[in-house]
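Visitor: Sequence and predicted structure, then a few things I'm wondering about:
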Amino acid sequence: MDNTPLRILLVTDAWEPQVNGVVRTLARTVDECRAMGHEVEIIHPGLGFRTIPLPTYPDIKLALGAREDLEARFKAFEPEAIHISTEGTLGHVARRICLNWKLPFTTSYHTQFPEYVHARFPFIPLAAGYAFMRRFHNAGNGIMVATETVRQTLEKRGFNNLSPWSRGVDTEQFHPSKRGIDGGVYKDLPKPVFAYVGRVAVEKNIEAFLDLDLPGSKIVVGPGPQLEELKRKYRNVHFTGGKSGDELAQHFADADVFVFPSFTDTFGLVILEAMACGTPVAAFIAPGPKDIIPGSNAGVISDDLKEACLKALEISREDARAFAEKNSWRACTEQFVANLKPQPRPERKRFWRRLRRLRRRG
């Protein structure tokens, strides 16, 4: 692919004001694409579509009856590269348009959807979830994955055309300087402070952290459908609710260890955000942590999460920060753009000229 700026169409069911790793990744990628000279159009549920909340995950809105609107947006923007980021209703409509119009497109595998569904509805087998995901993604011209572990897992499950798309961190927003000298946001709590930051939902396996016998204090930072249930069950744990901006960075930085108990994430962007604040990470041996942490000198992974938490207390905060500084959003975005599958320039011009003629006749 040449270096000529592209018109990139991004279709996603996950977008602001949602707060999660997928949205942060997409937003930063869009910002970097535009800084590189690319023109980016985003189709997301907040564009006036009729929506319903996703069952068990009401923060995510599913757009309904969007086919005609999406077709009009495709024609108006005339994209040169199309990326479908999520497997929701908008993603499925965009996929169908691309297949009907014979437009190349790429997708990305952000979440372990089969594991998420199985965690909420155990009667739905993993094989059914993977069959759904395989059908969606293999229809495209390439699937972007965050880690080697995810690539190997999907390859064994029959997914095709897999390519790497790593993640970055804002090392200015998440910085050791946000750590308070007197304990900061946790100044009145017993030390050490072990903190989880992220969505409070069953698939995040937070109870594995909250059940640990650890010294000091346990903190849960974030919103989510399981928040009220866990607050009732764990009276000795401090729940802060959702945080953003500098306040979020302070909650990362003032912790002594960031605990990441999830087995279902494909990467875990919060791992890099904690490290950027100088906070070492403790995690299970799972996709995401086992791709990021070994050899980083910035965290500990173990089948025994308590052991990982206690060992992480011995890690230098300077080493955690140094590792995070190696992961820039610009490098990740360059990888994303290189993975796109635009039509050859003459072919795409002919295609949109034909479509314009048909539209005029209509």
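Guide: Done, it's in.

Visitor: use CA for all of it now, contacts and neighbours both
Guide: OK.

Visitor: what sits against residue 276?
Guide: Residues counted as contacts of residue 276 (C-alpha atoms under 8 Å, 6 or more residues apart in numbering) are 169-171, 174-176, 320-325.

Visitor: how close does residue 37 get to residue 31?
Guide: 10 Å (C-alpha to C-alpha, to the nearest Å).

Visitor: no no, residue 349
Guide: For residue 349, the distance to residue 31 - C-alpha to C-alpha - is 26 Å.

Visitor: helix or strand for residue 346, which one?
Guide: Taking DSSP states H and E as the criterion, residue 346 maps to helix 345-361.

Visitor: same thing with residue 24?
Guide: Under the assignment here (DSSP H and E), residue 24 is part of helix 21-35.

Visitor: Which strands and helices lie in contact with the helix or strand that comes right after that helix?
Guide: The helix or strand immediately downstream of helix 21-35 is strand 39-43, counting by DSSP H and E. Where contact means 3 or more C-alpha pairs under 8 Å, 6 or more residues apart in numbering; DSSP states H and E, strand 39-43 is packed against strand 7-11, helix 21-35.

Visitor: ok, now with 6 Å
Guide: Under the contact criterion of 3 or more C-alpha pairs under 6 Å, 6 or more residues apart in numbering; DSSP states H and E, strand 39-43 touches strand 7-11.

Visitor: Give me the sheet partners of the strand it packs on and which way each runs.
Guide: Strand 7-11 pairs in its sheet with strand 39-43 (parallel), strand 81-84 (parallel), by DSSP bridges.

Visitor: That strand relative to helix 21-35, how many degrees between them?
Guide: 170 degrees (axes from the mean of the first three to the mean of the last three C-alpha atoms, to 10 degrees).

Visitor: can you give me how far strand 7-11 is from the chain middle?
Guide: 18 Å (C-alpha atoms, centre = their mean, to the nearest Å).

Visitor: ok, residue 162 - how many residues close by?
Guide: 22 (other C-alpha atoms under 10 Å).

Visitor: just use 382 as the starting number from now, easier for me
Guide: With the count now opening at 382, the last piece we talked about shows up as residue 543.

Visitor: quick one: contacts for it?
Guide: If you count contacts by C-alpha atoms under 6 Å, 6 or more residues apart in numbering, residue 543 has them with 523-525.

Visitor: which residue packs closest to it, ignoring adjacent ones?
Guide: The spatially closest residue to residue 543, leaving aside those adjacent along the chain, is residue 524, at 4.8 Å (C-alpha to C-alpha, 6 or more residues apart in numbering).

Visitor: What does that neighbour show for phi and psi?
Guide: phi -120, psi 120 (degrees, to the nearest 10).

Visitor: if we can go back for a sec, now a PyMOL select for only the buried ones of the contacts of residue 657.
Guide: The buried residues among the contacts of residue 657 can be selected in PyMOL (16 or more other C-alpha atoms under 10 Å) with this line:
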select buried, resi 550+551+552+555+556+557+701+702+703+704+705+706
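
Visitor: Between which two of the contacts of residue 657 is the distance greatest?
Guide: 551 and 701 (14.4 Å; C-alpha to C-alpha).

Visitor: Which ones among the contacts of residue 657 lie within helices?
Guide: 701-705 (DSSP state H).

Visitor: Please name whichever of the strands paired with strand 388-392 is nearest to residue 622.
Guide: Here strand 420-424 is closest among those (C-alpha to C-alpha), at 29.0 Å.

Visitor: which residues touch the closest one?
Guide: By C-alpha under 6 Å, 6+ apart, the list of residues contacting strand 420-424 reads 388-392.

Visitor: Which positions in the helix or strand just after it come out as buried?
Guide: Counting by DSSP H and E, the next helix or strand C-terminal to strand 420-424 is strand 431-435. The neighbour-count check on strand 431-435 (16+ other C-alpha under 10 Å) flags residue 432 as buried.

Visitor: How far away from the center of its chain is strand 431-435?
Guide: Using C-alpha atoms, centre = their mean, the offset of strand 431-435 from its chain centre is 21 Å.

Visitor: do stretch 608-620 as well
Guide: The chain centroid and the centroid of stretch 608-620 are separated by 25 Å under C-alpha atoms, centre = their mean.

Visitor: All set now, cheers.
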